[in-house]
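[1] quick one: sequence plus predicted model below, questions after.
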Amino acid sequence: MVDVGSPASVASDVKVAVRDLTIRYGSHVALRDVTLDIRENEIFGIIGPANSGKTSFLRALNRMDTFTTEMAVDGSIEFAGHDINKIKNLYALRKRIGVVFPLPVGLPLSIYDNVALAPRLNGVRKRSELDVIVERCLQRAALWDEVKDRLKSLGSLLSGGQQQRLTIARALSQDPDLLLLDEFSIAVDPVTTMRIEDVLKELKQEVTIVLVTNLVQQARRLADRTAFFLMSECVEIAETEAYFDGRVQDPRSRDYVEGRFG
């Protein structure tokens, strides 16, 4: 695996440090010997064909192996300087790591209560404080103007794109330091996708973002650096634009980006 990140960006603070990460499901190896750093306040893209280990990588970052009996994780992952495998309070860890899945996961609650759930679990009880949090998170997810007059309506009645933005608002209600997005636009129309992308560009000023996408042009629009996963291997890590102007070192990276396979 090669990393052709620029020297200037290497000096940035490291938010997530992954070393020799291998993920197995029974005898199947989903990801093998991955070593990489994700920097503070960057959008770190991950591209590659299906079954390359991209989603498994996100699952490992959020310790989802704890609830998946067949999933085994070897190697180390440090988040904000702490080995996540030594953190006993998983709830405290996941409060700092928000996750948005490919399909919107709406809770059977009102729009308001979807966003207010995590703050309530964290002890926020005053309605005035919850109102501020809900409005702020819906604003950050570019949804407030569309739903502010119907906050008591069920979140499940929103359109698919609105539900995905509600999922982002709910993830942001935890005030995470790290936001993991797994194919967030798979069920979202192009116009809404572009709106969410604009949101993510603004959010990276506050949150480190890891973006898994099958759309190489989406990675180009959003990611500061991008890793290319192929057949359980991290082939290459580079400044994203390097994939498109011929500066990547592995020919497999160029072939994938240019659509020769995948």
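    Noted; the coordinates are in hand. Numbering: from 1, shown residues only.
[2] skipping adjacent residues, who's closest to Gly26 in space?
    Once flanking residues are discounted, Gly26 sits nearest to Glu70: 5.3 Å by CB to CB, 6 or more residues apart in numbering. Every C-beta, even on glycine, is put in place using the N, C-alpha and C of the backbone.
[3] tell me the pLDDT of that neighbour.
    pLDDT recorded at Glu70 is 90.
[4] show me where the protein has its strands.
    2-4, 14-25, 28-39, 43-47, 71-79, 82-83, 97-100, 178-182, 208-212, 225-230, 233-239 (DSSP state E).
[5] just to revisit the earlier point, could you pull up phi and psi at the residue nearest to Gly26?
    Main-chain dihedrals, Glu70, degrees, to the nearest 10: phi -90, psi -10.
[6] returning to that earlier point: the strands of the chain: which one's closest to Asp131?
    Closest of the strands of the chain to Asp131 is strand 97-100, at 20.9 Å (criterion: CB to CB).
[7] how about the closest one as PDB, C-alpha atoms only?
    Below are the C-alpha coordinates for strand 97-100, written out as PDB (Å, rounded to 0.1, in the frame of the first residue of the first chain):
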ATOM      1  CA  ILE A  97     -18.800   8.800  16.800                       C
ATOM      2  CA  GLY A  98     -21.900   9.400  14.700                       C
ATOM      3  CA  VAL A  99     -22.900   6.900  11.900                       C
ATOM      4  CA  VAL A 100     -25.100   7.400   8.900                       C
END
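[8] and it, what does it pack against?
    Judged by 3 or more CB pairs under 8 Å, 6 or more residues apart in numbering; DSSP states H and E, strand 97-100 is in contact with helix 160-172, strand 178-182.
[9] not counting the first one itself, show me its contacts.
    Residues outside helix 160-172 that contact it (CB atoms under 8 Å, 6 or more residues apart in numbering): 98-101, 104-107, 111, 114-115, 117-118, 137-138, 140-143, 146-147, 155-156, 158, 179, 184-185, 187-189, 191-193, 195-196, 199, 203, 207.
[10] and the buried ones among the residues you listed, selectable in PyMOL?
    This is the PyMOL syntax for the buried subset of the contacts of helix 160-172, where burial follows 16 or more other CB atoms under 10 Å:
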select buried, resi 98+99+100+101+104+106+111+114+115+118+137+138+140+141+142+143+147+155+158+179+184+185+188+192+193+195+196+199+203+207
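[11] out of the contacts of helix 160-172, which are inside helices?
    Under the assignment DSSP state H, the contacts of helix 160-172 contribute 111, 114-115, 117-118, 137-138, 140, 146-147, 191-193, 195-196, 199, 203 to helices.
[12] hmm, back to that, the residue nearest to Gly26 reaches Tyr25, doesn't it?
    Yes - using CB atoms under 8 Å, Glu70 makes contact with Tyr25 at a distance of 5.1 Å.
[13] of the two, which one has the most company?
    Set side by side, Glu70 and Tyr25 show more neighbours around Tyr25, with 14 against 10, by other CB atoms under 10 Å.
[14] which pLDDT value belongs to Phe261?
    pLDDT for Phe261: 76.
[15] count residues in the vicinity of the closest residue to it other than its chain neighbours, would you?
    Among residues not flanking Phe261 along the chain, Asp255 sits closest, at 6.0 Å (CB to CB, 6+ apart). Using other CB under 10 Å, Asp255 is surrounded by 13 other residues.
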